[in-house]
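Novice: With the sequence up front, the predicted model follows.
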Amino acid sequence: MSEGYDRVAIVTGADSGIGKASAVALAEQGFDVGITFHEDSDGAEDTAAAVRDLGKAAALRRHDLTDPERAAAVVDDLAEELGGLGVLVNNAGTGSAEPVLDMSYERWREVVAVDLDGPFLCAQRAARRMIDSGRGGRIVNVTSVHEEYPRVGSGSYCAAKGGLRMLSRVLALELAEFGITVNTVAPGEIATPMTGQADVQPQTGTRPGYPIARAGDAREVAAVVAFLAGSGASYVTGASLFVDGGLGLMGPQAAGALSSGEWRKG
């Protein structure tokens, strides 16, 4: 099926990792790309240069989702600058690494603001533009395997990602009549700055507890994001696509604790 929606995509948190790889993958598909970043302006400029090298336009905005209402306004800014909006990739996020009983409410709210409130507000603005255009569009929310599976020390992160999964499903129901699909991409451990593996090439055999015994590459996630943004996914909505090397089959909490591959023997 042909795509009728605007050939403009916005990717939040596109200064590195999955966001950067997704921006480049979408440019390869012919999209002009709006790029948001929090602090790494140099990384965002590198992403923009990669998009422009592919012959597509790029626009940048700083985006601090700890203040989600103000941050969400960049969706409209970028859409105006680039001349439309057909795809939103809510990728920007943060994590947590402390037990729920030790977490302050302030820190809880910070994680939920970035990982759930921000995507809600950005999706809301994007969807309104897509509806007004009458051409439909795509919303892809990057969650995590922890949209479904818990992890010790990540209560706020898991709650936010699980909430984003359900928000995406509700949006899929509400927006389908307007030709807008909404899906989530749920990565496992990916070699990115967020996992402390910036510029690290994933090495096979380094994760014995994982079915595919390595971390993932950001481009492997971006390929799925690009699929959901394209015409080939026109009948896919309300879905969660896991890009985790089979990690969910093992249980992410336990898999990371295995020090050998003995489990493969049954």
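Specialist: Cool, the structure landed. Residues are numbered from 1 along each chain as shown.
Novice: By residue count, tell me the biggest strand in the protein.
Specialist: The single longest strand within the chain, with elements called by DSSP state E, is strand 180-187.
Novice: Contacts made by that strand with the rest, please.
Specialist: 18, 123, 127, 130-131, 136-145, 147-148, 164-165, 168-169, 171-172, 175, 216, 221, 224-225, 228, 233-234, 236-244 (CB atoms under 8 Å, 6 or more residues apart in numbering). Glycine gets a C-beta too; all of them are placed from N, C-alpha and C.
Novice: Mind doing that once more with 7 Å?
Specialist: 18, 127, 130, 136-145, 147, 164-165, 168, 171-172, 175, 216, 221, 224-225, 228, 233, 236-244 (CB atoms under 7 Å, 6 or more residues apart in numbering).
Novice: Kindly report the same for stretch 158-167.
Specialist: 111-112, 115-116, 119-120, 141, 143-144, 146-147, 150-151, 184, 240.
Novice: closest to Q201 among the residues you listed?
Specialist: S144 (21.7 Å; CB to CB).
Novice: Run me through the strand neighbours of the longest strand of the chain, direction for each.
Specialist: When pairing is defined by DSSP bridges, strand 180-187 lines up against strand 137-142 (parallel), strand 240-243 (parallel).
Novice: most tightly surrounded among those?
Specialist: Ranked by mean neighbour count, these are led by strand 137-142 with a mean of 28 (mean count of other CB atoms under 10 Å).
Novice: Now the next helix or strand after it: buried residues?
Specialist: Downstream of strand 137-142, the next assigned helix or strand under DSSP states H and E is helix 155-175. Within helix 155-175, the residues that qualify as buried are 155-165, 167-169, 171-172, 175, counting by 16 or more other CB atoms under 10 Å.
Novice: next one: stretch 20-36
Specialist: Here stretch 20-36 shows 20-27, 29, 31-36 as buried, counting by 16+ other CB under 10 Å.
Novice: Identify the farthest-apart pair in those residues.
Specialist: The span of the buried residues of stretch 20-36, defined through CB to CB, is set by Q29 and T36 at 19.2 Å.
Novice: quick one: D132 and A126, what's the gap?
Specialist: To A126, D132 is 11 Å away according to CB to CB, to the nearest Å.
Novice: Between the two, which has more neighbouring residues?
Specialist: For the pair D132 and A126, the greater number of neighbours falls to A126 (25 against 10), based on other CB atoms under 10 Å.
Novice: what helix or strand is that one on?
Specialist: Using DSSP H and E, A126 falls in helix 118-133.
Novice: hmm, who's touching that helix?
Specialist: 5-6, 12, 65, 68-69, 71-72, 75-76, 79, 84-85, 88, 90, 92, 136-137, 139, 141, 164, 167, 171, 175, 178, 180.
Novice: how near is the residue nearest to R207 when sequence neighbours are not counted to F242?
Specialist: On the basis of CB to CB, 6 or more residues apart in numbering, the spatially nearest residue to R207 that is not a chain neighbour turns out to be A213, at 5.1 Å. Distance from A213 to F242, counting by CB to CB: 17 Å.
Novice: can you check D117 too?
Specialist: D117 sits 24 Å away from F242, taking CB to CB as the criterion.
Novice: What pLDDT does the model give the closest residue to V100 other than its chain neighbours?
Specialist: In space, and not counting its chain neighbours, V100 is closest to G155: 3.9 Å by CB to CB, 6+ apart. We have a pLDDT of 97 for G155.
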